[in-house]
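> no sequence on this one, just coordinates:
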């Protein structure tokens, strides 16, 4: 499948597909005329990439997950483990934000909110 068709079917720009190729998310082979030719399984992989991005995964994490997926006989178990790791990161961020909110709330009613002993 040529890049234009892939981009259209994946609802991406050709620039986005080229970028994904550059960072190692997708690969193509070059035809004799120099055009990129992507295998059919690239389309569902790009849908996976977009879903992973919506779930908060960075492109670097998605690349690593793709590498793990190739090596793992049980893709579902590998992805579940990856999701569990992401949940731990999210929980840590939530805890950090809650602590920041508490400190800000305590400082709101003070005469000079930026002064005082802050615990970090």
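Sure, I can see it. Since the structure is predicted, the reported quantities are computational estimates derived from the model, not experimental observations.
> going forward, measure contacts between C-alpha atoms and count neighbours the same way
OK.
> Where does the prediction get shaky in the protein?
The model of the chain has pLDDT under 70 over residues 67-75, 116-120.
> domain ranges for it?
Here the domain parsing of the chain from automatic domain parsing is 1-56, 72-112.
> roughly how far out does the longest one sit from the chain middle?
Averaging C-alpha positions (C-alpha atoms, centre = their mean, to the nearest Å) puts domain 1-56 15 Å from its chain's average.
> ditto for the last one
Going by C-alpha atoms, centre = their mean, the spacing between the C-alpha centre of domain 72-112 and its chain's C-alpha centre is 16 Å.
> quick one, strands of this protein?
29-30, 36-37 (DSSP state E).
> just checking, what packs against the first one?
To tie it back to what came earlier, the one meant is strand 29-30. Judged by 3 or more C-alpha pairs under 8 Å, 6 or more residues apart in numbering; DSSP states H and E, the packing partners of strand 29-30 are strand 36-37.
> and residue 65, how many residues sit next to it?
By the criterion of other C-alpha atoms under 10 Å, residue 65 has 18 neighbours.
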